[in-house]
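S.K.: Quick check, what structure comes out for this input:
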Amino acid sequence: KQAAHYYQSAFGFQPVAYAGLETGLKDRTSYVVRQGKITFILTAALRPDSPVAEHQKKHGDGVKVIALNVDDASLAYRETISRGAKSHQEPATMKDEHGKVVTSSIYTYGETLHVFVERKNYTGPFLPGFIEWNPEYKPEDTGLLYVDHIVGNVGWDEMDKVAAFYRTVMGFDQLISFDDKDISTDYTALKSKVMASKNLRIKFPINEPAAGKKKSQIEEFLDFYIGPGP
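M.R.: Model prediction:
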């Protein structure tokens, strides 16, 4: 809730939806905020044995789920699995009085998930299981429109493997690449390949460490996050 307040106060995000004890959840609570076409779900554990608590105990605050809006979540799942993706959740349908939403999900790098969301038959505030969150506090937005890109930080010699995953499994193209001569200082460096969807609306730079006089900033991320992550 405090993180949601921060995104409202500092960045002008608007309250959208809530799920927690009042909606039947026993192990977590989630607040949804939105600005332009940017939607963030901020989730905290209510119990120490919650998967949310386990993830946070290992990684601290971070991003686990990158959701992608699709026309057909079942088709997206079948296609990606047939191309070598590892399944996290088979297609499942959630329903309430506002309609239905179909979701499915696959693993990417580390513990990061891509969730395919099909919401063409849903008119509710967010997803089934969430209720409208409509507090009095609604600061002016700051003009944010889109998420430009989401970076994936991976280990030594893993960049090409993950880039190949996005090319083969997701059908992305390589937009541009950078080596340690392009992104470096006297002490730290990285390599990066930017993978993008055909319409360029989704861009995922994949970064790996490169050798420098000191530890790469990507290597520092991997050490503190304890593994690959966005």
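
S.K.: how about the strands in the chain?
M.R.: Ranges of strands in the chain, per DSSP state E, are 14-19, 28-35, 38-45, 65-69, 87-96, 99-107, 113-118, 131-132, 152-153, 173-178, 189-196, 203-210.

S.K.: Which positions in the fifth one come out as buried?
M.R.: I take that to be strand 87-96. His88, Pro91 (16 or more other C-beta atoms under 10 Å). Just so you know, the C-beta spots here come from the backbone N, C-alpha and C atoms, and that holds for glycine as well.

S.K.: packing partners for it?
M.R.: For strand 87-96, the elements it packs on are helix 73-82, strand 99-107, judged by 3 or more C-beta pairs under 8 Å, 6 or more residues apart in numbering; DSSP states H and E.

S.K.: and the angle from the helix or strand of the chain with the lowest mean pLDDT to strand 189-196?
M.R.: Least confident helix or strand of the chain, by mean pLDDT, DSSP states H and E, is strand 173-178 with a mean of 78. On the basis of axes from the mean of the first three to the mean of the last three C-alpha atoms, to 10 degrees, strand 173-178 is oriented at 160 degrees to strand 189-196.

S.K.: ok so, going back, so which of the helices and strands packed on strand 87-96 is the most packed in?
M.R.: strand 99-107 (a mean of 20; mean count of other C-beta atoms under 10 Å).

S.K.: okay but Val147 is in contact with Ile38, surely?
M.R.: Yes: Val147 lies in contact with Ile38 (C-beta atoms under 8 Å); the separation is 5.5 Å.

S.K.: which residues touch the least confident helix or strand of the chain?
M.R.: Ala163, Arg167, Leu190, Lys191, Ser192, Lys193, Val194, Met195, Ala196, Lys198, Leu200, Lys203 (C-beta atoms under 8 Å, 6 or more residues apart in numbering).

S.K.: What is the most widely separated pair among these?
M.R.: Leu190 and Lys198 (26.3 Å; C-beta to C-beta).

S.K.: ok, these two, which is more surrounded?
M.R.: For Leu190 versus Lys198, the count of surrounding residues by other C-beta atoms under 10 Å is larger for Leu190: 23 against 9.

S.K.: where's the residue nearest the centre of the chain relative to Glu140, distance?
M.R.: By C-alpha atoms, centre = their mean, the mean C-alpha position of the chain lies nearest to Ile66, the distance being 2.3 Å. Distance check for Ile66 against Glu140: by C-beta to C-beta, to the nearest Å, it reads 28 Å.

S.K.: And Glu111, by the same measure?
M.R.: 36 Å.

S.K.: more neighbours, those two?
M.R.: Taking other C-beta under 10 Å, Glu111 and Glu140 do not tie; Glu111 has more neighbours (16 against 7).

S.K.: one step back: among the helices and strands packed on strand 87-96, which is nearest Asp49?
M.R.: Nearest of the helices and strands packed on strand 87-96 (C-beta to C-beta): strand 99-107, 21.5 Å.

S.K.: tell me the mean pLDDT for the closest one?
M.R.: Strand 99-107 carries an average pLDDT of 98.

S.K.: ok, now stretch 200-208?
M.R.: Here the average pLDDT along stretch 200-208 is 93.

S.K.: which residues touch it?
M.R.: 68, 109, 148-159, 162-163, 166, 172, 175, 190-197, 218.

S.K.: got it, and stretch 133-143?
M.R.: Contacts to stretch 133-143, defined as C-beta under 8 Å, 6+ apart, come from residues 5, 8-9, 11-18, 31-32, 35-36, 125.
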